[in-house]
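K.L.:
return atomic coordinates for the entry below.
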Amino acid sequence: MKSRSRLTRSLIFVSLLCFGSGQAQQAGFSGQRELTLECPADDFNEETEIERYEGRYDRYSKGDFVSGLVRKMRTKPEAYYQDIVDSVIMLLCDVDVASERCVEKDSPLAAKDWTGENCITATDNTCPAGTCERTSNCYWASVVEGQNRTTRFEPERYARAATALYGTDDSYAREVLQFGAIGCIVAIVLLLLWVLFFIGRYFCCCLWVPFSGACFLCSPIPKKEGYNVFVSIIVPVFLYLGAVVAIVVAGSSAFVGNEDVSVALSNTFLQADGLVEDLGLFLGRSRTPIVNLEGIVNDAALDAQSIFNGTEFVKADALQIVDSFLGYFSLHSQGLNASGAIQAFDSASSGFDEKVTPITDSVQDMLDTLEGDLYANADTIKGGLGSALSQLDSFSDQTAEYQTAIYEYEGQELGTRDVRRAGVMAIFLISFFFAFLGLLGILVSKKRSRICHVFFHCIKITGFFSVLLGSLSLVLASVLLCTSFVLHDACQISDIVTRDFEPFVGDQVSPGANACFNDTNLAVAFNVTEKVDFQQKLDEGLEEIESVNVTEKFTLVLAPLEDIQDLLGSISDTALSALNQATNANQELCPFTDVYKKETVTSPWSLDRGTDSTPYVIRGNQGNTTSFDRIGLESPTEYLDRIYNKAGICSDSSNCCIEYPWPQVTCSSDLYDDCDAGDNCQYPCEPLRAGIIEGYNAYLQLRQKELDMKADLGVVCPADFTGTCPTEAFASQYSNLTLVGMLEDYKDNIVDTKDDLVNLASTSVGEAMVEVQDFLCNMNVSFVERRYDETKDTLCGTLFGGLAQVMWGMWILGISLELIAILAHILTVRLRGQSEKEATWDLLSPDGRRAYLTDNC
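P.N.:
Numbering: from 1, shown residues only. Model prediction:
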């Protein structure tokens, strides 16, 4: 476990050093920018079958079954193991040091947000200026912005941690040891009972007589009435044989279990060696892109500069276009509404926001990435690369040391295997030897030869040593039972530990440790991607823009503006139509037949009327018509006022006439004659003339508005527009270019910039992106979890099963030996072959009795 922990820390430290670990280390805190990493298939980390040794006796192993019995005996809820883990954390915690809440701001232990710049501040923060809250440790929980800081456990619990683990009351150690203590107590009690038995049998001959009551049970004197052959002899002999067989089975189980332990240790060393080799490969894979990146980072920065230089327009022009849209609406909203072009205008404006802005935002993000993340950070990146290389080289050297240490430990363990095997099997072999010796004595008990008499005494020897070996076996079995419980608990605790390392190593290192066990890339876990994510940002930007037809998107904006150009003509069309209704009234009294078009209305004398003068008399013109030609420098309004100022008609013959410059005797004319003087001269065309003048002025105003809107729009600058495109009002407030002109110019610039960005792959920037992607993808450390899982399966499966087989073998051995001891001491009496008659004869013969007593006392 210690070796694995060191290797894990090594992996983590590599990532921390790469590209400024100071900012990456707090990746787990609030505000982190979540990044993902898409990498190609990785043969190095793919799920493949890991090499492992197979035991010679695997087919005979019952480790799964016997370890299952231990697990059933040791079934505990997860909360039980969580309490043990908490107690261990508190026990190992140096509260005096760990309880220090505030550290220097530049300390690596300072709790900062994902940028690595700002301290995370708890609501109840009391740290002085220049210091920050510390990262989480065994005493403090993680600091959360805007919340009170809490301790990991209640402060008073730390003082009770030792008692909870190995105290005298309700501690973990006491609970585990009490199972072993029961076995040991039983062994000691049995041993004491056997001592009393031996004292009674061999040193208290006075108790052998029948009238001594229960004490006669210790007597070596057989019953006078003899024994039933089947019940008293055959049954005990078969029980003895069964006990011998049980010793053989137990010894075989222990032998196979010991071999399982050896195989498990070999596989453990194999996985540790494999982990070190994987680490070496990991470091080698990580080193290559760093070396390559170090060589091209400066060139990449210069290439990036050549791309983003002069691209300030991307953001500035976009803002100006948006402002110009607003300005155009502010200047011409009435005209847009009057022409019905407001919907097309809204479509163009929203089209820019929805179709063009996302593209320009992507372009701007890529330019910002090139400038801020690559060009500005070139020195930082290069420094981080150099530091990472030195650390990688250092760790590469350490992996060789790790491997040497593993080989040394493995060699030491191999040297102890014969000793361990001998130690395990010795007690079984010795026990079998004495059991077999006793069995031999039983088999020859009926023989009367001297040698057979000697073997018969072996039954007593078997009984004596079975007592000692049985008690020893029970003690050893109890110790192994406690060891099995501890190993089982350790396996359960490992699941809790590997679920989240934060309580054990703090939130500074835990992201990397957790990444090793939850299939998370180390670069993502430590947010190293944020330090060099120019590659990912550029990839994301390229993915968005390289397949986009920029011209097509701009067309979605320009097309509605072209529609507006057509719609704007309706502004003056209405006024012209109203004007033509007056100039083409064609009434009997007002025979106006002129129809103007936009080409002629601003120079009405250019209208082709088919005649040179008006067909009606003009008022104030001495009864004459007037020419349709322009007179002097007449303005259009003066011209219209002149040609439509028709003379009146007489409503009465008196007081009605044409006014001449010379004096007249009387002012009279015929009824309905033309006139321009007198009280009875009526002017029926005067309202039309006034309407024509007013309508014409209205048309000129609307026409000017139309021209201004077209001039500012810029689809086509009006030919008859006397001002500039755009108008002075638009140019002074918004832009020197028309709305369409800005969009066209912006489109061309964006297309050129987009092409430059899409061609990044052919520059040093593209090479750097490839190397960064390679480096980040090489930060996949899922091989650690695979090696750990294999090691855990070995320790918690094969090793645990082997230990359980040895343990249960010891229990069976101890019980079998106790049974053999009892049977041996019974059969030493019953197998003497005496019947009631023979026993009486021996007891009546002084020599026989004397000889009997000599043999048995």
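K.L.:
okay, CA-based contacts and neighbour counts for the rest of this
P.N.:
OK.
K.L.:
look up how far L440 lies from N228.
P.N.:
22 Å (CA to CA, to the nearest Å).
K.L.:
what about these two, which has more around it?
P.N.:
Between N228 and L440, counted using other CA atoms under 10 Å, the more crowded position is L440 (16 against 11).
K.L.:
for the more buried one, identify the helix or strand it belongs to.
P.N.:
In this structure, L440 is located in helix 378-443 according to DSSP states H and E.
K.L.:
check which helices and strands that helix sits against.
P.N.:
If contacts are counted by 3 or more CA pairs under 8 Å, 6 or more residues apart in numbering; DSSP states H and E, helix 378-443 sits against helix 2-17, helix 235-308, helix 450-456, helix 458-499, helix 800-830.
K.L.:
quick one: it to chain centroid distance?
P.N.:
When C-alpha coordinates are averaged (CA atoms, centre = their mean, to the nearest Å), helix 378-443 and its chain have centres 36 Å apart.
K.L.:
ok, stretch 326-341 next?
P.N.:
Stretch 326-341 sits 51 Å away from the centroid of its parent chain (CA atoms, centre = their mean).
K.L.:
same deal with stretch 474-492?
P.N.:
Counting by CA atoms, centre = their mean, stretch 474-492 is centred 39 Å from the centre of its parent chain.
K.L.:
so what's D629 closest to, chain neighbours aside?
P.N.:
W605 (5.7 Å; CA to CA, 6 or more residues apart in numbering).
K.L.:
returning to what we had before: what's the most buried one of the helices and strands packed on helix 378-443?
P.N.:
helix 800-830 (a mean of 26; mean count of other CA atoms under 10 Å).
K.L.:
averaged pLDDT, that one. What do you get?
P.N.:
Mean pLDDT, computed over helix 800-830, is 88.
K.L.:
do stretch 644-664 as well
P.N.:
For stretch 644-664, the mean pLDDT works out to 88.
K.L.:
mind checking how far it is from the chain centre?
P.N.:
101 Å.
K.L.:
who touches that stretch?
P.N.:
For stretch 644-664, contacts defined as CA atoms under 8 Å, 6 or more residues apart in numbering pick out 590, 592, 616-620, 622-623, 666-686, 689.
K.L.:
tell me which residues touch A575, please.
P.N.:
Neighbour list for A575: 695-696, 698-699, 702 [criterion: CA under 8 Å, 6+ apart].
K.L.:
do that again at 10 Å, thanks
P.N.:
581, 695-703 (CA atoms under 10 Å, 6 or more residues apart in numbering).
K.L.:
show me which of those residues are buried.
P.N.:
Those of the contacts of A575 that meet the buried threshold are 581, 695-700, 702-703, by 16 or more other CA atoms under 10 Å.
K.L.:
now render those residues as TSV, adding pLDDT.
P.N.:
Listed next are these as TSV, based on pLDDT from 0 to 100:
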residue	pLDDT
Q581	91
G695	92
Y696	91
N697	92
A698	89
Y699	88
L700	86
L702	86
R703	85
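K.L.:
can you add secondary structure and distance to K382 and give those back as a markdown table?
P.N.:
Shown next, in a markdown table, are these (DSSP: H, G, I helix; E, B strand; the rest coil; distance: CA to CA, whole Å):
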| residue | secondary structure | distance to K382 |
| --- | --- | --- |
| Q581 | helix | 81 |
| G695 | helix | 76 |
| Y696 | helix | 75 |
| N697 | helix | 73 |
| A698 | helix | 72 |
| Y699 | helix | 71 |
| L700 | helix | 69 |
| L702 | helix | 66 |
| R703 | helix | 65 |
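K.L.:
dump these to TSV, plus distance to L542.
P.N.:
Converted to TSV, these look like this (distance: CA to CA, whole Å):
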residue	distance to L542
Q581	61
G695	58
Y696	58
N697	57
A698	54
Y699	53
L700	52
L702	48
R703	48
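K.L.:
between these, which is closest to K72?
P.N.:
Proximity of the buried ones among the contacts of A575 to K72 was ranked by CA to CA; the top entry is L702 with 97.0 Å.
K.L.:
quick one: what helix or strand has the closest residue to that closest one other than its chain neighbours in it?
P.N.:
In space, and not counting its chain neighbours, L702 is closest to S572: 5.3 Å by CA to CA, 6+ apart. Using DSSP H and E, S572 sits within helix 570-583.
K.L.:
identify the residues contacting R787.
P.N.:
Contact analysis of R787 by CA under 10 Å, 6+ apart lists 4, 50, 268, 270-275, 278, 793.
K.L.:
could you redo the last one with a cut-off of 8 Å?
P.N.:
Residues near R787 by CA under 8 Å, 6+ apart: 271-272, 274-275.
K.L.:
ok, now W605?
P.N.:
Neighbouring residues of W605 by CA under 8 Å, 6+ apart: 628-630, 639.
K.L.:
okay, and which of the residues you listed map to helices?
P.N.:
By the criterion of DSSP state H, membership of the contacts of W605 in helices covers Y639.
K.L.:
just the buried ones from the contacts of W605?
P.N.:
Neighbour counting with 16+ other CA under 10 Å marks 628, 630, 639 as buried within the contacts of W605.
K.L.:
tell me how far the first one lies from R609.
P.N.:
Translated: F628. Distance of F628 to R609, given as CA to CA: 8 Å.
K.L.:
for the last one, same thing?
P.N.:
Between Y639 and R609 the distance, using CA to CA, works out to 15 Å.
K.L.:
same question, the second one
P.N.:
Separation of R630 from R609 (CA to CA) stands at 13 Å.
K.L.:
for the residue nearest to D629, give me the pLDDT.
P.N.:
With respect to pLDDT, W605 scores 93.
K.L.:
shouldn't G116 be within a helix?
P.N.:
No - membership of G116 in a helix is not supported by DSSP: H, G, I helix; E, B strand; the rest coil, which gives coil.
K.L.:
what count of nearby residues applies to it?
P.N.:
Look at G116: counted by other CA under 10 Å, it has 19 neighbours.
K.L.:
the one 3 residues further on now?
P.N.:
Other residues lying near C119 total 19 when counted by other CA under 10 Å.
K.L.:
you'd agree it is up against R134?
P.N.:
No - judged on CA atoms under 8 Å, C119 makes no contact with R134 at a distance of 9.4 Å.
K.L.:
one step back: pipe the contacts of R787 into TSV and attach distance to V716 per row.
P.N.:
Listed next are the contacts of R787 as TSV, based on distance: CA to CA, whole Å:
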residue	distance to V716
Q271	78
A272	78
G274	76
L275	74
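K.L.:
how about the helices of the stretch 651-800 of the chain, start to end?
P.N.:
686-713, 728-733, 739-758, 764-777, 782-793, 800-830 (DSSP state H, counting those that start in this stretch).
K.L.:
okay, those helices in JSON lines with distance to E543 next?
P.N.:
Compiled in JSON lines, the helices of the stretch 651-800 of the chain are given as follows (distance: least, CA to CA, whole Å):
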{"stretch": "helix 686-713", "distance to E543": "34"}
{"stretch": "helix 728-733", "distance to E543": "38"}
{"stretch": "helix 739-758", "distance to E543": "9"}
{"stretch": "helix 764-777", "distance to E543": "14"}
{"stretch": "helix 782-793", "distance to E543": "29"}
{"stretch": "helix 800-830", "distance to E543": "53"}
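K.L.:
which SSE is immediately downstream of the helix or strand of the chain with the lowest mean pLDDT?
P.N.:
Across the helices and strands of the chain, mean pLDDT, DSSP states H and E gives its lowest value to helix 21-24, namely a mean of 36. Next helix or strand after helix 21-24 toward the C-terminus (DSSP H and E): helix 63-73.
K.L.:
who does the next helix or strand after that following helix touch, helix- and strand-wise?
P.N.:
Next along the chain after helix 63-73, taking DSSP H and E as the criterion, comes helix 78-92. Packed against helix 78-92, as judged by 3+ CA pairs under 8 Å, 6+ apart, are the following elements: helix 161-166, helix 458-499.
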